[in-house]
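*Asks:* return a 3D structure for these sequence lines:
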Amino acid sequence: MSGHSKFANIKHKKEKNDAAKGKIFTIIGREIAVAVKEGGADPANNSKLRDVIAKAKANNMPNDTIERGIKKAAGDANSVNYVTVTYEGYGPNGSAIIVDALTDNKNRTAANVRNAFTKGGGNVGAQGCVSYMFDKKGQIIVAKEEYETDADEFMMLALDSGAEDFSEEEDSYEITTTPEDFSTVREALEKENIPMASAEVTMIPQNYVTLTDEEDIKKINRILDLLDEDDDVQAVYHNWDE
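*Replies:* Numbering: from 1, shown residues only. Have a look, this model is predicted:
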């Protein structure tokens, strides 16, 4: 994991234009709706909702927007039925890409995802064709510029809270957990008022692919940009070493 700091990417995304911020808020809004529908509107009794709220705060979503989203989801829990779908496929030079989506129209989403892969010279494969190359983990990123601490003390706090691994990058600390322990560790850090640049369950590549051909780099960026523009797409994971 070392050497693949996600913080630079997170920072870049947060600094992007308002349209990009709107997309992040749309993603989180849908996650709030699903969490409320599955576990109710009270975060105290719904760990999934607590995790989504933490993600919302890490992305600077205003509190009143979060509360409105929860109330809306609680008021019309039956109005929109979002389903989770995952697509797997290949980008240039055998690079692996996983796409998570929340959609109310599977046909539309499947067509859009397929189109994104095709336009970038890739192709969608069968379920399981690339996911075996990734590990599902909870991942918490803490920016050094937001949290000054002794690295060893912080590592002990994270490990004592149930974290699986801790690594210090140049600009951040990265904490990994099992998916099952993610909420417990995140809440332990939250109680210590530790600011988190990112906190989510994600897919971490076991190995990274380097692309040296300019055309291949253009193609994979085309795939990722088109997926990023699709409101149904919640998250994209890949093993390209950017």
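
*Asks:* for the chain, what spans make up the helices?
*Replies:* Using DSSP state H, the helices of the chain run over 7-15, 18-39, 47-58, 63-75, 106-119, 151-160, 182-191, 214-229.

*Asks:* list the buried residues for stretch 117-125?
*Replies:* Buried residues in stretch 117-125, counted by 16 or more other CB atoms under 10 Å: 117, 120-122, 124. In this view, the C-beta of every residue, glycine as well, is placed from N, C-alpha and C.

*Asks:* biggest separation within those, which pair?
*Replies:* Gly121 and Val124 (12.6 Å; CB to CB).

*Asks:* stretch 179-193: which residues count as buried?
*Replies:* In terms of neighbour count (16+ other CB under 10 Å), stretch 179-193 has its buried residues at 181-183, 185-186, 188-189.

*Asks:* show residues contacting that stretch.
*Replies:* Residues from elsewhere that reach stretch 179-193 (CB atoms under 8 Å, 6 or more residues apart in numbering): 47, 50-51, 54, 136-138, 140, 142, 157-158, 161-164, 175, 177, 196, 199, 201.

*Asks:* gap between it and the chain center?
*Replies:* Chain-centre distance of stretch 179-193: 16 Å, with CA atoms, centre = their mean, to the nearest Å.

*Asks:* now swap in stretch 101-110 and tell me
*Replies:* Counting by CA atoms, centre = their mean, stretch 101-110 comes out at 18 Å from the chain centroid.

*Asks:* list the buried residues of it.
*Replies:* Buried-residue list, stretch 101-110, by 16+ other CB under 10 Å: 101-103, 109-110.

*Asks:* out of those, which is nearest to Val233?
*Replies:* Ranked by distance to Val233 (CB to CB), the buried residues of stretch 101-110 are led by Ala101 at 5.2 Å.

*Asks:* what is that closest one paired to in the beta sheet?
*Replies:* Here Ala101 sits in beta bridges with Val85, Val233, going by DSSP bridges.

*Asks:* Tyr87 is in contact with that one, correct?
*Replies:* Yes. Between Ala101 and Tyr87 there is a contact under CB atoms under 8 Å: 7.3 Å.

*Asks:* wait, Lys71 sits on Val36?
*Replies:* No. Counting by CB under 8 Å, Val36 is not a contact partner of Lys71; they are 9.1 Å apart.

*Asks:* so in that sheet, which strands flank the top strand by length along the chain, and in what orientation?
*Replies:* If you go by DSSP state E, the chain has its longest strand at strand 134-143. Neighbouring strands of strand 134-143 in its sheet, by DSSP bridges, are strand 172-177 (antiparallel), strand 198-205 (antiparallel).
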